[in-house]
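A.B. asks: Mind looking at a prediction? Sequence and model below.
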Amino acid sequence: MSSVNFKSTRATQAATPITHSGGPVVTGTSVLGIKYKDGVMLAADCLASYGSLARFRDVDRLQPVGEHTVVGASGDIGDFQYVQDLLEKSMIHEFYTADGHALATPHIYSYLSRLMYQRRSQMNPLWNSYLVGGLNDSGEPFLGYIDLIGTTYQSSTIATGFGAYLAQPILRKAVEGRENEITEEEAIKIIDDCMRVLFYRDARSLNKFRRAKVTKEGVTVTEPYSLTTEWGFAENIIGYGA
Amino acid sequence: MTSIGTGYDLSVSTYSPDGRLFQVEYAGKAVDNSGTAIGLRVKDGVVLAVEKLTQSKMLVPGSNLRIQAADRHIGIATSGLLADTKHIVNRVRDEARSYRDIYGIPIPAKVMAERLGLYVQAYTSYSSVRPFGCSTLIGMVDEDGPQLYMVEPSGNFWGYHACAVGKGKQVARTELEKLKLADMTARQAIKEATRVIYTAHDEAKDKEFELELTWISDETNGRFERVPKELVAEAEAYAAESLSAEMDDDE
């Protein structure tokens, strides 16, 4: 009896070997986030690339969750959509109690970090880097990072992907130590300047962005917009095969 | 209760000679003994109200909820055996979740009523189970606007402009029929619902009750919410005023 079971188990295992996620397929590039006087501001472009192909050009990578949180995603868009479903489900589950309490930014951040760590521990990571922006329990700005191996950290400026190299130094110089002084207008300028640099230098980017802010009043995500660019210098570039 | 002792009321899988299912009718009695629950469908929303008879003065106010959320856009008011209603609410939540998983959009009211109706009906078809001792009001706002359905222990369900179940259903229905529901806002309906619950309440038999009031309307952005304290107070004042006016007329 037991040998029969043993055989059938082995046969099943041979037929379906354990698989692991291979890597991202359709991807979004950098997400930027900063803290400022009234809260947190995030930005991401609207492109979902298929390798180097600019496959989808109207993708929203900034997802409001609840009243005072935005989740911004870079990496695999399919995995992000799955996470959006999970977050929606959790928010509805919390809504059942209808006691006026909802998951706040630190709770969503914690949930996402545990999810990402669990999946990497199963050798099947969700291929994303996330920024979670919002307000903590005492109403102060909150900005955190989570990646595909479950690493987390919080900071007043964070950039994922290529932005970690191109935008992060600019953000630090503009924001660090001045978090409580920066007005909304200035925050917009800092973010836009960085998105412009990213559009110039990141070959998987698009001049079509969305910007989100989280303040005590709640979440607002802008419609897609473009920045002015200047390509006159390109004539004088020599090399790179040109 | 001429059916008692005939043997046809012991199982839900046996009809009586004149084609009735007594167990289903008894389940209806369980609903009739419960505090009144009403629903009003008006032009910009749905209001659900329940007369929750308090079993004990030592119960914490707000416990044993009889109106609950099953999704952001779904309110469930129940009348009947409390334990059965909890099972029903869980089922409605499961259906709402499964519909979202499969179709990626909130479940429409008609689909929810159909699914719950089928589920409840299945418990009238087997000798191994008993029917649910509760009626369920489903208040929702979907793409077609505000919706109100009631599912009975038999599994039957209909859509309503307004409906009432429980102890005071006769009085409540008479009052609801007088209302111009199509021209009414949810804000006004809160007042009328409160008045109807107070009118249907039988002070001689049941002393204490807690009013449960919820709404889904344009004002709540299509979301299920408990009615805020200020509005409840306003509605209770309106109810008290119109009740005392009625008393004066009688004298």
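C.D. replies: Happy to help now that I have it. Residues are numbered from 1 along each chain as shown, chains lettered A, B, ... in the order given.
A.B. asks: which ones are touching the residue lying closest to A:Thr215 once chain neighbours are set aside?
C.D. replies: Closest residue in space to A:Thr215, ignoring its immediate chain neighbours: A:Gly39 at 4.0 Å, by CB to CB, 6 or more residues apart in numbering or on different chains. (Each C-beta comes from the backbone N, C-alpha and C, glycine too.) Contacts for A:Gly39 (CB atoms under 8 Å, 6 or more residues apart in numbering or on different chains) come out as A:133-135, A:141, A:213-216.
A.B. asks: can you give me the strands in the stretch 51-200 of chain B?
C.D. replies: B:67-71, B:74-80, B:134-142, B:145-151, B:157-159, B:162-165 (DSSP state E, counting those that start in this stretch).
A.B. asks: tell me the pLDDT at A:Phe162?
C.D. replies: A:Phe162 carries a pLDDT value of 96.
A.B. asks: I'd like to know how far it sits from B:Ile107.
C.D. replies: Applying CB to CB, to the nearest Å, the value for A:Phe162 to B:Ile107 is 41 Å.
A.B. asks: which residues touch A:Pro106?
C.D. replies: A:Pro106 neighbours (CB under 8 Å, 6+ apart): A:136-137, A:142.
A.B. asks: Closest approach to chain B from chain A, which residue is it?
C.D. replies: A:Ala98 (4.8 Å; CB to the nearest CB).
A.B. asks: just the helices in chain B please.
C.D. replies: B:22-32, B:82-103, B:109-122, B:169-177, B:186-200, B:229-250 (DSSP state H).
A.B. asks: Using the three-state scheme, assign A:Leu32.
C.D. replies: strand (DSSP: H, G, I helix; E, B strand; the rest coil).
A.B. asks: so it sits right up against A:Ile170, yeah?
C.D. replies: No: A:Leu32 is beyond contact range of A:Ile170, at 9.6 Å (criterion: CB atoms under 8 Å).
A.B. asks: thinking again about what came up before, let's see if you can find the most crowded of the contacts of A:Pro106.
C.D. replies: Using other CB atoms under 10 Å in any protein chain shown as the neighbour criterion, A:Phe142 leads those with 24 neighbours.
A.B. asks: what helix or strand does it sit in?
C.D. replies: strand A:141-146 (DSSP states H and E).
A.B. asks: Strands of chain A, residue ranges please.
C.D. replies: Here chain A has its strands, by DSSP state E, at A:26-28, A:31-36, A:39-45, A:48-50, A:53-56, A:62-64, A:69-76, A:128-135, A:141-146, A:152-154, A:157-159, A:209-215, A:218-221.
A.B. asks: So which elements touch the fourth one?
C.D. replies: Packing partners of strand A:48-50 (3 or more CB pairs under 8 Å, 6 or more residues apart in numbering or on different chains; DSSP states H and E): strand A:26-28, strand A:53-56.
A.B. asks: and the ones you listed, which is most packed in?
C.D. replies: strand A:26-28 (a mean of 24; mean count of other CB atoms under 10 Å in any protein chain shown).
A.B. asks: re the thing from before, switch the strands of chain A over to a markdown table; also include mean pLDDT.
C.D. replies: Output for these, formatted as a markdown table (pLDDT from 0 to 100):
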| stretch | mean pLDDT |
| --- | --- |
| strand A:26-28 | 98 |
| strand A:31-36 | 98 |
| strand A:39-45 | 98 |
| strand A:48-50 | 98 |
| strand A:53-56 | 98 |
| strand A:62-64 | 98 |
| strand A:69-76 | 98 |
| strand A:128-135 | 98 |
| strand A:141-146 | 98 |
| strand A:152-154 | 98 |
| strand A:157-159 | 98 |
| strand A:209-215 | 98 |
| strand A:218-221 | 98 |
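A.B. asks: Wondering if stretch B:195-210 reaches chain A at all.
C.D. replies: No: using CB under 8 Å from any CB of the partner chain, stretch B:195-210 stays clear of chain A, with a minimum separation of 15.6 Å.
A.B. asks: For A:Phe162 and B:Ile107, indicate the residue with more neighbours.
C.D. replies: Higher neighbour count among A:Phe162 and B:Ile107: B:Ile107, with 23 against 17, using other CB under 10 Å.
A.B. asks: what's the spacing between the residue in chain B positioned nearest to chain A and B:Pro146?
C.D. replies: When scored by CB to the nearest CB, chain B has B:Ala69 as its residue closest to chain A, at 4.8 Å. According to CB to CB, B:Ala69 and B:Pro146 sit 16 Å apart.
A.B. asks: Check A:Ile34 too.
C.D. replies: Taking CB to CB, one finds A:Ile34 at 42 Å from B:Pro146.
A.B. asks: got it, and B:Ile4?
C.D. replies: Using CB to CB, B:Ile4 is found at 42 Å from B:Pro146.
A.B. asks: between those two, who's got more neighbours?
C.D. replies: More crowded of B:Ile4 and B:Pro146, by other CB under 10 Å: B:Pro146, with 25 against 9.
A.B. asks: Now do the contacts for A:Lys59.
C.D. replies: Actually, residue A:59 is Val rather than Lys. A:Val59 touches A:28, A:46-48, A:77, counting by CB under 8 Å, 6+ apart.
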